[in-house]
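Undergrad: Quick one, what's the 3D model for this:
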Amino acid sequence: MTTYQGIVCAQHRGAFRVWLPQENLDLSAAPSGGLRRLLEQQQTALVTGDRVALDRATDTGGAARIVSMAPRTSVLSRVEAGRRGKPQPMVANVDMALICTSLNDEFNPKRLDRYLAMSDGAGMPAVLLLTKADLAPEPEKWLAPLRALRPPRAMIIVSAHTGQGIDALRSLLHGQRAVLLGSSGVGKSSLINALLDEQRLRTAHTSAYLDKGRHTTTTRELIPLTGGGFLIDTPGMRELKLYDSDADAAFEDITALAAGCRFGDCQHGCEPGCAVRAAVEAGQLSAIRLDSYRKLRREQANLKQRRR
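TA: Okay, here's the model as predicted:
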């Protein structure tokens, strides 16, 4: 059997496309029965970014057969819907997460905290992409809380309309494998079009009344970049329950403050001598950020209980 090495470049429900870099083509593919059984035993599934081996000699119905999957170097997962709290892999084998948020009323600190906790839990560096800069007459309104994040986060201010920050983003992505994350309507598709200098992806109108967009990316798609590397675009997620997350790493500022609490098991609620609540009352810590931290810690505890 002659096999071909490729990368899953798109997935939609049970359908896959695999990119063969050496031949610069992509084709429809389906996992073999043996691979499906193995993935079920491992409680995982094929996702965009997975490195696979294809048997093209057994094409059936125009689809090659995926016979094996290489070990992953990284994976981003969320909690699968249901009671057991199983992991649902989203993308694999990426070097960094690009987390998009727009500089308008769609700006959501709690959502950013979750994406950062997810990337930290996967041991993956994260870069914040602040989109629609041309629509932000007072960007400092949005930038101030981001500059206060601990640990500090890399940020690039971009505008697909004016081209601001696009060259810096291209330089960052040179030879890298990255995933683009963000809610619907933050401008991910427009940003990719600007990077590729073409209208490759369909974009949707954003409601001026609600300042919210509609999902225009419906699959997780791998996009090869000039200069090497690739970018994986993902659909906007309205619900993001984290599987592998690290609240302590993503909220380093709160972890440091908690060392000063009177009680070692302080939940930073109504306990006396809470150094974290004192920081909130003194204006040194955002109450919104503390709420994000406490909610994520509760979810982690509930998920641990469900895994037993």
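Undergrad: sec struct for residue 292, please.
TA: Secondary structure, DSSP: H, G, I helix; E, B strand; the rest coil: residue 292 is helix.
Undergrad: Where does residue 171 fall, secondary structure wise?
TA: Secondary structure from DSSP states H and E places residue 171 in helix 166-173.
Undergrad: For stretch 259-279, measure first residue to last.
TA: One end of stretch 259-279 sits 12 Å from the other (C-alpha to C-alpha, to the nearest Å).
Undergrad: ok, now stretch 24-35?
TA: 25 Å.
Undergrad: tell me which residues in that stretch are buried?
TA: 26, 27, 29, 30, 31, 35 (16 or more other C-beta atoms under 10 Å). The way it works is simple: take the backbone N, C-alpha and C, and place the C-beta from them, glycine included.
Undergrad: Same list as before, those residues that is, but in a markdown table and with secondary structure and distance to residue 86 included.
TA: As requested, those are arranged in a markdown table below (DSSP: H, G, I helix; E, B strand; the rest coil; distance: C-beta to C-beta, whole Å):
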| residue | secondary structure | distance to residue 86 |
| --- | --- | --- |
| 26 | strand | 29 |
| 27 | strand | 30 |
| 29 | strand | 25 |
| 30 | strand | 23 |
| 31 | strand | 19 |
| 35 | helix | 19 |
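Undergrad: what's the helix holding residue 171 packed up against?
TA: If you count contacts as 3 or more C-beta pairs under 8 Å, 6 or more residues apart in numbering; DSSP states H and E, helix 166-173 packs onto strand 154-157, helix 188-196.
Undergrad: Specify which member of the buried residues of stretch 24-35 is nearest to residue 224.
TA: residue 26 (9.7 Å; C-beta to C-beta).
Undergrad: How about the contacts made by the closest one?
TA: 9, 10, 17, 18, 19, 20 (C-beta atoms under 8 Å, 6 or more residues apart in numbering).
Undergrad: so it bridges to which residues?
TA: residue 19 (DSSP bridges).
Undergrad: Distance check, it against residue 8.
TA: For residue 26, the distance to residue 8 equals 10 Å [C-beta to C-beta, to the nearest Å].
Undergrad: so what's in contact with those two at the same time?
TA: Shared contacts of residue 26 and residue 8, defined by C-beta under 8 Å, 6+ apart, comprise 17, 18, 19.
Undergrad: Regarding residue 129, what is its secondary structure?
TA: Classification of residue 129 using three-state DSSP returns strand.
Undergrad: quick one: residue 119 from residue 30, how far?
TA: For residue 119, the distance to residue 30 - C-beta to C-beta - is 30 Å.
Undergrad: cool, and residue 173?
TA: For residue 173, the distance to residue 30 - C-beta to C-beta - is 31 Å.
Undergrad: Let me see the ranges of the strands in the stretch 51-200 of the chain.
TA: With DSSP state E, counting those that start in this stretch as the definition, the stretch 51-200 of the chain shows strands at residue ranges 51-60, 63-69, 75-79, 87-92, 96-102, 126-131, 154-157, 177-181.
Undergrad: chain center to the fourth one: distance?
TA: Looking back up the chat, that one is strand 87-92. 10 Å (C-alpha atoms, centre = their mean, to the nearest Å).
Undergrad: Quick one: work out the angle between it and strand 63-69.
TA: 110 degrees (axes from the mean of the first three to the mean of the last three C-alpha atoms, to 10 degrees).
Undergrad: What helices and strands are in contact with strand 87-92?
TA: Using 3+ C-beta pairs under 8 Å, 6+ apart, strand 87-92 is in contact with strand 75-79.
Undergrad: before we move on, back to that, filter the shared contacts of residue 26 and residue 8 down to the buried ones and hand me the PyMOL line.
TA: Entered in PyMOL, the line below selects the buried ones among the shared contacts of residue 26 and residue 8, by 16+ other C-beta under 10 Å:
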select buried, resi 17+18+19
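Undergrad: Residue most distant from the centroid, this protein?
TA: residue 272 (37.3 Å; C-alpha atoms, centre = their mean).
Undergrad: which SS class is the nearest residue to it once chain neighbours are set aside?
TA: Of all residues not flanking residue 272 in the chain, residue 262 sits nearest, at 6.3 Å (C-beta to C-beta, 6 or more residues apart in numbering). Secondary structure state of residue 262, per three-state DSSP, is coil.
Undergrad: who's the spatially most central residue of the chain bridged to?
TA: The centroid of the chain falls nearest to residue 181 when counting by C-alpha atoms, centre = their mean (4.0 Å). Beta-bridge partners for residue 181, by DSSP bridges, are residue 99.
Undergrad: Many thanks, have a good one.
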